[in-house]
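J.: for reference, the sequence and a predicted model appear below.
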Amino acid sequence: PSRGVEEPEKDKVLRGSKDGFVETIVFNTALIRRRIRSTELVMEMMHAGKSSKTDIVLCYMDNRVDHAFLEKIRDRIKHIQVDALTMNQESLAECLYDRKWYNPFPKFKFTERPDTASAQVLEGNIIILVDNSPSVLIMPTSIFDVVEEADDYYFPPITGTYLRLSRFIIAVLTYLMTPTFLLLMKNPDLIPRGFEFIMVRDTVNIPLIWQFLILELAIDGLRLAAVNTPNMLSTPLSVMAALVLGEFSVNSGWFNSEVMLYMAFVAIANYTQSSYELGYALKFMRILNLILTAVFGIWGYVGGIILCILFMFTNRTVSNQSYVYPLFPFNAKQLAKRLFRLRLPGALDPVREEKK
């Protein structure tokens, strides 16, 4: 009926607590209550699903939450007309936000860490716990919320800032790396002086665009295979996949070594993001940019970047706020807090006052 609250496989940290949410909703509420011992912390029980009667808990700080937004979420949950939440939180998320399904950027942030959920509650956000789900749903969520990780706060400010900025830069590189390479191969005159070595020297048997698209699909195939592979077979199958998709695929003439190199970087760099949804959003935008670049050249490349920016800027949070705030509307102070890991305000003030 229940399992231990061990650290989740996905949301691991180098430093910090090693517990995680489980499928039992009462345990999950206790993990949050253990961290926030305030009478302002509210756990509001609700139900959804005609047959399943699934337990749903709205968790928030009564003195910090936006009550208008809270009432809006409460009303939506009360009027959900489904037989059962068969996909747990995903079913609930689709009921709460049904607009712009074609926009791949995530509208919610999910976490299996009680410390992350507690921090979001203290910031005035709402978290939703669903019975039988080992993660919580955080709202409202912007693109900056999705990129944040717990490790940013378990290290000193300078280290946390480096980790956060590295994650932002790598996210941009995973999107731009392969379309930029394809553009430069189509327009060698755009290659900066001193970087001529990036040119493909070997014979290109298959057009580069098809190589990139095939590898995008192959990487997802390997990811799905890894999920369904028994632990005892994971090592030998990993070695075989590395050989087949590495040296042998290049020697056979199907792929060029430069294409394999850049796709390997993109595949590994995607795992720097804790959000699967954000990783796939960048993947879809990257594939769209690859196709536009292959068809229209530099104008397609620029158009792909503009489309990606438009998808982000036109996306809205569940509370109907800007998805890229504080970048738009611009707020310099809040943007600095999002980009840089600053020292907690007032952390040492009581000690200093006592010394005085």
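T.: Received it, and whenever you're ready, just let me know what you need.

J.: drop to CA atoms for contacts and neighbour counts, all remaining ones
T.: Fine.

J.: look at residue 37 and give its secondary structure.
T.: coil (DSSP: H, G, I helix; E, B strand; the rest coil).

J.: please apply the same query to the one 10 residues further on.
T.: Applying three-state DSSP to residue 47 yields a three-state assignment of strand.

J.: run through the residues that contact it.
T.: Shown in contact with residue 47 (Cα atoms under 8 Å, 6 or more residues apart in numbering): 53-56, 77-78.

J.: state the distance from it to residue 223.
T.: 35 Å (Cα to Cα, to the nearest Å).

J.: closest to residue 300 out of the contacts of residue 47?
T.: residue 77 (42.5 Å; Cα to Cα).

J.: and the closest one, backbone torsions?
T.: In terms of degrees, to the nearest 10, the main-chain angles of residue 77 are phi -70, psi -40.

J.: number of residues surrounding it?
T.: Here the count is done by other Cα atoms under 10 Å, and residue 77 has 18 residues near it.

J.: that one touches residue 96, doesn't it?
T.: Yes - with contact defined as Cα atoms under 8 Å, residue 77 reaches residue 96; the gap is 7.4 Å.

J.: list of residues touching stretch 211-230?
T.: 178, 234, 254-255, 259, 263, 267, 287.

J.: alpha carbons only: can I get that stretch in CSV?
T.: Written as CSV, here are the backbone C-alpha positions of stretch 211-230 (Å, rounded to 0.1, in the frame of the first residue of the first chain):
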residue,chain,number,x,y,z
GLN,A,211,21.0,12.8,-40.9
PHE,A,212,19.9,15.2,-38.2
LEU,A,213,16.2,14.1,-38.4
ILE,A,214,17.1,10.4,-38.3
LEU,A,215,19.4,10.9,-35.3
GLU,A,216,16.7,12.9,-33.5
LEU,A,217,14.4,10.0,-33.9
ALA,A,218,17.1,7.4,-33.0
ILE,A,219,18.0,9.2,-29.8
ASP,A,220,14.4,9.0,-28.7
GLY,A,221,14.3,5.4,-29.6
LEU,A,222,17.3,4.7,-27.4
ARG,A,223,15.7,6.6,-24.6
LEU,A,224,12.5,4.6,-24.8
ALA,A,225,14.6,1.4,-25.0
ALA,A,226,16.6,2.3,-21.9
VAL,A,227,13.3,2.8,-20.0
ASN,A,228,12.1,-0.7,-20.8
THR,A,229,15.5,-2.5,-20.6
PRO,A,230,16.0,-4.7,-17.5
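
J.: give me the buried entries from the contacts of residue 47.
T.: 54-56, 77 (16 or more other Cα atoms under 10 Å).

J.: that older thread, as JSON lines, the contacts of residue 47 with pLDDT, secondary structure and distance to residue 156 would be great.
T.: Compiled in JSON lines, the contacts of residue 47 are given as follows (pLDDT from 0 to 100; DSSP: H, G, I helix; E, B strand; the rest coil; distance: Cα to Cα, whole Å):
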{"residue": "53", "pLDDT": "92", "secondary structure": "coil", "distance to residue 156": "45"}
{"residue": "54", "pLDDT": "94", "secondary structure": "strand", "distance to residue 156": "41"}
{"residue": "55", "pLDDT": "95", "secondary structure": "strand", "distance to residue 156": "39"}
{"residue": "56", "pLDDT": "96", "secondary structure": "strand", "distance to residue 156": "36"}
{"residue": "77", "pLDDT": "93", "secondary structure": "helix", "distance to residue 156": "40"}
{"residue": "78", "pLDDT": "92", "secondary structure": "helix", "distance to residue 156": "43"}
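
J.: for those residues, give me CSV that also has distance to residue 118.
T.: Shown next, in CSV, are the contacts of residue 47 (distance: Cα to Cα, whole Å):
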residue, distance to residue 118
53, 26
54, 23
55, 20
56, 17
77, 22
78, 25
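
J.: assumed residue 234 was part of a helix.
T.: Yes - the assignment for residue 234 by three-state DSSP puts it in a helix.

J.: residues near the residue nearest to it when sequence neighbours are not counted, how many?
T.: Excluding the flanking residues, the one nearest residue 234 by Cα to Cα, 6 or more residues apart in numbering is residue 226, at 7.1 Å. For residue 226, the tally of surrounding residues (other Cα under 10 Å) stands at 15.
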